[in-house]
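In: the following block contains a protein sequence and its predicted model.
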Amino acid sequence: MLMQSIYRRLGAALLGAAALLAAAPAAVQAQDVAPNAMIEKVTQDVLGEIRSNRGVQAGNIAAATEAVDRVVMPHINFSRMTAAAVGPAWRNATPEQRQQVIDEFKAMLIRTYAGSLDQVGDLQVVVLPMRAQADANDVLVRSEVRGGEQPIQLDYRLQKTPGQGMGWKVYNVNVMGAWIVDSYRSQFQREISAGGIEGLIQSLRNHNRKPS
């Protein structure tokens, strides 16, 4: 029960912290701003956004989905995240299958953590000093989530994307030493081994259709 509570709180922190990148004004999102500085600047704005959205606080799936689509997803490289979680089978999947996996994976994450977003308000995210080359296109931003008995490690992998929509985008998150992509890869591989990419899609779909 204790571990379940911890992971649900971490899930809330994960979605809340992922939104850090989304609430920044255009000037803050400029490419010459360090990723850790950007995250640190917008933390309080994001927490305020979560506190003000009663639907999200109540764990309403529709409200959480709308908020994630509007605020978070433009700043997450979710295609890369999903491809890494699926593994080699991604290369042979059709465009339609890839989109179905992306949609169902996103829905699963939202359903998993939406009910805990009301617990974000008592958490504090402290961004740690970052070590990276000035011209780096791929960086690790480390942080700690405080507000419980012990600080919780919460780190991000970000990639600078060129062209339209350029800027830093998250493609992996580390919670207490476990990267989210790696954690889901083992689950996805079992489904793919049993039923291929269609089996994975169906498994995700069945999970998302269960009553909350």
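Out: Yep, that arrived.
In: now stretch 99-106: mean pLDDT?
Out: Computed over stretch 99-106, the mean pLDDT rounds to 95.
In: longest single helix anywhere in the protein?
Out: helix 180-209 (DSSP state H).
In: ok, V101 touching A93?
Out: Yes. Using Cβ atoms under 8 Å, V101 makes contact with A93 at a distance of 7.1 Å. Placement of C-beta: from N, CA and C, glycine included.
In: and whichever strand or helix holds A67, how far from the chain's centre?
Out: Here A67, judged by DSSP states H and E, is contained in helix 61-67. Mean C-alpha position of helix 61-67 versus that of the full chain (Cα atoms, centre = their mean, to the nearest Å) differs by 14 Å.
In: equivalent analysis for stretch 87-97, please.
Out: 21 Å.
In: ok, stretch 100-119 next?
Out: 9 Å.
In: and stretch 167-184, by the same measure?
Out: 7 Å.
In: any idea how far apart the tips of that stretch sit?
Out: 26 Å (Cα to Cα, to the nearest Å).
In: buried set for it?
Out: 167-175, 179-181, 184 (16 or more other Cβ atoms under 10 Å).
In: so after the helix holding A67, what's the next helix or strand?
Out: By DSSP H and E, the next helix or strand past helix 61-67 is helix 78-86.
In: got the contact list for the very next helix or strand once past that following helix?
Out: Using DSSP H and E, the helix or strand that follows helix 78-86 in sequence is helix 89-92. Where contact means Cβ atoms under 8 Å, 6 or more residues apart in numbering, the residues beyond helix 89-92 that reach it are 82-83, 98, 192, 196-197, 200.
In: can I get helix 89-92 in PDB? Just the C-alpha atoms.
Out: Extracted in PDB, the C-alpha atoms of helix 89-92 (Å, rounded to 0.1, in the frame of the first residue of the first chain):
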ATOM      1  CA  ALA A  89       8.600  -3.800 -33.600                       C
ATOM      2  CA  TRP A  90       8.100  -0.100 -34.200                       C
ATOM      3  CA  ARG A  91      10.100  -0.200 -37.400                       C
ATOM      4  CA  ASN A  92       7.700  -2.700 -39.000                       C
END
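In: that helix: which residues count as buried?
Out: Buried, per 16+ other Cβ under 10 Å, within helix 89-92: 89-90.
In: compute the inter-axis angle for the following helix or strand past that helix and helix 78-86.
Out: Heading C-terminal from helix 89-92, the first helix or strand you meet, by DSSP H and E, is helix 95-113. Relative orientation of helix 95-113 versus helix 78-86 (axes from the mean of the first three to the mean of the last three Cα atoms, to 10 degrees): 90 degrees.
In: the next helix or strand after helix 95-113 pairs with which strands, and in what direction?
Out: Later in the chain than helix 95-113, the nearest helix or strand by DSSP H and E is strand 124-127. Using DSSP bridges, the strands paired with strand 124-127 are strand 143-146 (antiparallel).
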